[in-house]
Structures are given as C-alpha cells and as structure tokens.
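J.: pasting the structure only:
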C-alpha cells in the first residue's frame, strides 16, 4: 500500500500542475465531500462557505492563523460541535456518500467511524488498559481475551506497547505527555475507525515526542484517513499529502471576523507554488 | 575572580520595609485564624468527651430501655435511641442520596439551559436555606396529621431528614460534576459513546469521591438534627425497631429531653448520647474516606 505513495513523492514532476494531474490518478475515494459549509455559533458566523474533498488513505492538513476556523471545520466532520450549545452547520457535508447533517443521523454512529485526537492529551483517570478497552467495551465487547488482543494491537499500532506493557494496570496519568498522546491515539485506534481527526495533536509535546507521533501517522495512513489541524507548517509539509489553508476575513463595517478556506491542494503545491497571495504570505512566514 | 569583585553586589534577599511586613502580618493573621477556629472546635470535642465518656459502656449503647430521668447512670441505656437514629438516618439516606444524585445529574448533564433544570437548581438553592424545623413542620402537616396517632413513626422522621438532605446532596453533587473537565467527556463522545454512557462511565466515576463525601456530609448533618424529629417520631422509652409503624426515638431527641431535665443521671445520659452521636458521624466520615480512596486509585 505504501509503495505507490512513495513513488509519487520520488517522481514529483517539475511543475505542480502536472504533478496534480499525475497524482489524481492515484487519488483514493472521497471520504468527505463538503460543499458551501458555513458554521455558526449562535449568531456568530465562525466559518463561511468552505468546500473541499478529503481523500481516502491520505493525510490532509488544515493550516492557518488562530481564529480562522480550522478546528471548527474539523469538529464539524464528526459532529463534535453538536456538543456546543448554539453551534449550527449550513451547507452539505457528505461522508462516503451519506449526508452527515441529515435528519435522523446519529452523532454517536458518526463518531464510531470518525475518531478524534485532541490538542491536550486527555486520557481517562483509569488504568492504561482500561483507557484502551473503553471504546471496545462501550461497543459491547466484554470478552477478556478479545479485549486483551485489542489493547495489545492498539498499543502496538501506536508504538507504545513496549513502553507500557509492564504497567498496563497503572494509571494512565502517570506516563509522560508524549506517551499520553500516543495512548489517546491508541484509544482512538481501538475502535478501528475509518477516519481519525487530529486537532493539533503535537502542540503540547516536545520535538522528540512530536517526531514519534508523525512517524506513527505515516505508519497508519495506509489503513486510515487522517485529517490534522496544525499550527506548525513544517509539520504540515512533513506529514500531509494535501493542505487546506484557512484565513480570517475581517469585515470592518460590522466589525466581525469569519474563517474562510483560501486554498486547498497538494501539499507540495500549497507550499511551493501557492496560487493565492494570502497563502504565499502565510507559508513564507510574512504573515502570521 | 577579579572581574567579579569589581561588580556591585546584588542583594537577592526578600526586599525589606513595608512589603516584608505585609507578608509577615498576613502570615500571622492566617495562623491566628487557624488557632481561633481550633478553639471552639477543640473545646466542644473536649467537653463532650470529658462529660460523656463516663456514661459510655456496652450497656449504655445497647440496653433497649431508656430509664426515667430520675434514675442515676448505670440503669438502662440508649439502645433504643441508637437503633432509632441509625434506622431513621439510613432510610432517609436511601431516599435522598439516589434522588439527589439523579437530580444533580439532570441539572448538570442533561438539563442544559432548559427552564426545568433552572427551576430544579433554583429550588435546591432555596431549600438549602429552609430551617430544619420547617422541614419537620412540613412533614408533620402533610404526613403525620392525616394519619392521626399512627402518623408518628420513624418513617415520618426519615422523610423530614430526607427533605433536609436532598438540597445539600443536589448542590454538592452538581458542584462535583462541574469540576469534571470537559475534555474527558469529549474523549468519550469521540469514541462513539452515548450521553448516558459518558455520564455513567466517565463523569460519575471522575466525580465519585466528591459525590460520596458530599452525600455523607449531608447524611452526617441530618443525623444530628433534632428539630425535624420533634413533631415526626414521637417519643418512646424502649426500642421500636419497626421503622414504618409506631413512635420511636433518636439520639438528638434524647439529648434534647435529657439535657432539659434537672437530674444528674439524665444530664450524664445526655452527654453520653452526644458523644455517641459524634462518634457515629466520625465513623461515617471515616468510612467515606476509605471508600473514596478506593474509587480514586487512578486519579493521579
């Protein structure tokens, strides 16, 4: 599975235009298809008119300055924003052909397929074992042998098994921040989701822990589709296949601000040949 | 070395003058407050032990016949009142604790900003401030009077104490639920948990130690209440172990009646009953500590 991806990178043609064309031949099925999505918190419009397609087995990065709505868009993809009173979505978001915000769609069913890793590591105040077994248990798996299997598999996938295998029954709060974040990733993997949403998963970690999580993302992307919000542009270039650049649109008349999707494309194109001047200013570091 | 000695020496000690004095004054006031708080607390405990200890014996705690006031210490015992207090308080807790916790879960997790949640929350606040004797009068009016002479019973006392506990339990549980960080709820939701799962498997376990100690404080407080029992349980001199029928007695009531009596034996029995009541509350809180320590094994 990883072979063709590697090849693409190695044979990246001179112009990104041609690269995009060649890449499209390898593009996986659309996992998310968002059309004209606007997101409101009560009367405040946080994000305006976002349209983008997220592809299978790719890592898609959302970048942009603070307050541009990238986290808001991310949380809309698995209906986490439903938990915020007053949050409202307009427009269409389809997940593998099914409308996410249609009447009758259960947010619980959505989140079982679309997992999320948060900015701050948030393990439950339970043992390491119980943290991983939590998801399978709420899905009805009670068999001890089966749970043991899932715990080991998930921790191995998250490259944490060797570090914690001797203290599975110790508190998850006793391990380091980087380990806690990998534990949270393992917890997400335990329910075998289709998509993993990551909201700045490395912002609280040091470079070594960050590197481990980035390696982990590369390893699991053959089986999962990943969307990551990051403030770190180097991270976006290191891990992602596609990048969406968001920006803040200010309306001086009404003194309101709203997030917009400025540009979306292959990561190489966004960083090397941005079409929009705002993208260029941001990725070259002229505008923070 | 030469270079160092050429530099002016820097004074890294706490700056003197007013700033240092302010610190010292604040520290002194703090310790003073601590000592002042300790004085009444210590005196109460000392006095109760000093005067109550001589009354305490196995017979005092278990003998089911409360002697007439004129009798000296050593005759009969407070068994009837101990049984009454344990039964009445336990049944009140059985009614009030689950209801209070469920009410708080509704306000904190389910009600959101609905008018019903606001109403329940507001009423709980108001009820905290209602004097305990009013709770007794309330149960007297709606429960005891309609039943005539059969109305006085341990159950009526339990109802009055439950009314007293309920708002305390709702308030303390609600505060504990609010302390559960939202990111734990989100972690559970992100794994596809339903709201009831999140509440049962994440929120309540994270808050359990606070909920248990809050509830037991409410129980301990209610166990020592006299006023709500005055009109509800009547008075008897021997054990009535049937909570649901017939008048009974309790330690606070016995303290009240015996302490009013001019006889030395009765006075001693009042002190003994007071010490017993304090011991029961102490045991309750001690058990609460052990229970919550078990629950919070993984919280850091």
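T.: Yes, it's here. Remember, predicted model here, so these are calculated numbers, not experimental data.

J.: show me where chain A has its helices.
T.: For chain A, the helices defined by DSSP state H cover A:2-10, A:16-24, A:70-76, A:107-113, A:128-138, A:144-157, A:161-164, A:177-189, A:207-220, A:233-239, A:267-272, A:277-283.

J.: need the residues that contact the third one.
T.: Taking CB atoms under 8 Å, 6 or more residues apart in numbering or on different chains as the criterion, the residues outside helix A:70-76 that touch it are A:34, A:37, A:39, A:46-47, A:50, A:62-64, A:81, A:89, A:93, A:116, A:197, A:199-200, A:227, A:229, A:244, A:246, A:259, A:261. (Each C-beta comes from the backbone N, C-alpha and C, glycine too.)

J.: what's the nearest residue in the stretch 51-200 of chain B when you look at chain A?
T.: Closest to chain A within the stretch 51-200 of chain B is residue B:192: 3.2 Å, counting by CB to the nearest CB.

J.: now stretch A:269-278: buried residues?
T.: A:269-271, A:274, A:278 (16 or more other CB atoms under 10 Å in any protein chain shown).

J.: and which of these is nearest to chain B?
T.: residue A:270 (27.7 Å).

J.: ok, that closest one - contacts?
T.: Applying CB under 8 Å, 6+ apart, the residues contacting residue A:270 are A:242-243, A:245, A:263-264, A:279, A:283.

J.: next, see if stretch A:202-221 gets close to chain B.
T.: No. Counting by CB under 8 Å from any CB of the partner chain, chain B has no neighbours in stretch A:202-221; the shortest distance is 11.9 Å.

J.: quick check: mean pLDDT across that stretch?
T.: Here stretch A:202-221 scores 89 as its mean pLDDT.

J.: count of residues packed around the closest residue to chain B within chain A?
T.: Nearest residue of chain A to chain B, counting by CB to the nearest CB: residue A:112, 3.2 Å away. By other CB atoms under 10 Å in any protein chain shown, the residues close to residue A:112 number 21.

J.: that one is in contact with residue B:194, isn't it?
T.: No. Assessed by CB atoms under 8 Å, residue A:112 is found out of contact with residue B:194, at 10.5 Å.

J.: endpoints of stretch A:63-80, how far apart?
T.: Start to finish, the residues bounding stretch A:63-80 are 19 Å apart (CA to CA, to the nearest Å).

J.: off-centre distance for that stretch?
T.: From the chain centre to the centre of stretch A:63-80 is a distance of 10 Å (CA atoms, centre = their mean, to the nearest Å).

J.: can you pull the contacts of residue 36?
T.: No chain specified, so I'll use chain A. Residues in contact with residue A:36 (CB under 8 Å, 6+ apart) are A:49-51, A:90-92.

J.: can you confirm residue B:272 is in a strand?
T.: No. Counting by DSSP: H, G, I helix; E, B strand; the rest coil, residue B:272 is located in no strand; its state is helix.

J.: point out the residues in chain B that sit beside chain A.
T.: Checking chain B against chain A by CB under 8 Å from any CB, the hits are B:112-113, B:181, B:183-194, B:197, B:201-202, B:205-206, B:296-300.

J.: on the pLDDT front, check the residue of chain A closest to chain B for me.
T.: Residue-level pLDDT assigned to residue A:112 equals 93.

J.: please apply the same query to residue A:17.
T.: The model's pLDDT for residue A:17 equals 54.

J.: now swap in residue A:136 and tell me
T.: 95.

J.: pretty sure it sits against residue A:148.
T.: No. Assessed by CB under 8 Å, residue A:136 is found out of contact with residue A:148, at 10.6 Å.

J.: neighbour count: those two, which is higher?
T.: residue A:136 (21 against 13).

J.: contacting residues around the more buried one?
T.: A:146-147, A:150, A:190-191.

J.: take those and write them to TSV, including neighbour count, pLDDT and distance to residue B:51.
T.: Shown next, in TSV, are the contacts of residue A:136 (neighbours: other CB atoms under 10 Å in any protein chain shown; pLDDT from 0 to 100; distance: CB to CB, whole Å):
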residue	neighbour count	pLDDT	distance to residue B:51
A:146	12	94	64
A:147	18	95	59
A:150	22	95	63
A:190	27	95	62
A:191	22	93	64
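
J.: ok, the residues you listed vs residue B:253, which is closest?
T.: residue A:147 (54.2 Å; CB to CB).

J.: which ones are touching the closest one?
T.: A:133, A:136-137, A:141.

J.: can you pull the domain assignment for chain B?
T.: As given by automatic domain parsing, the domain ranges for chain B are B:15-55, B:58-295.

J.: picking that back up, which among the residues of chain B next to chain A end up buried?
T.: B:184-193, B:197, B:201-202, B:205-206, B:296, B:298.

J.: of the contacts of helix A:70-76, list those near chain B.
T.: Restricting the contacts of helix A:70-76 to contacts with chain B (CB under 8 Å from any CB) yields residue A:116.

J.: restricted to strands, list the contacts of helix A:70-76.
T.: Among these, the members found in strands (DSSP state E) are A:34, A:37, A:39, A:46-47, A:50, A:62-63, A:89, A:93, A:116, A:197, A:199, A:227, A:229, A:244, A:246, A:259, A:261.

J.: that older thread, of the contacts of residue A:36, grab the buried ones for ChimeraX.
T.: Only the buried entries of the contacts of residue A:36 go into this ChimeraX selection, using 16+ other CB under 10 Å:
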select /A:49,50,91
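
J.: closest to residue B:117 among the contacts of residue A:36?
T.: Nearest member of the contacts of residue A:36 to residue B:117, counting by CB to CB, is residue A:90, at 28.4 Å.

J.: got a list of what the residue lying closest to the closest one once chain neighbours are set aside touches?
T.: Leaving aside its sequence neighbours, residue A:90 sits nearest to residue A:38 (CB to CB, 6 or more residues apart in numbering or on different chains; 4.5 Å). Residues near residue A:38 by CB under 8 Å, 6+ apart: A:45, A:47-50, A:89-91.

J.: and if you look at residue B:205?
T.: A:125-126, B:295.

J.: which residue in these has the weakest pLDDT?
T.: Per-residue pLDDT puts residue B:295 lowest of these, at 72.

J.: residues near that one, how many?
T.: 15.

J.: what about the residue lying closest to it once chain neighbours are set aside, how many neighbours?
T.: Setting aside the residues directly before and after it, residue B:295 is nearest to residue B:208 in space (CB to CB, 6+ apart), at 4.7 Å. When neighbours are counted by other CB under 10 Å, residue B:208 registers 17.
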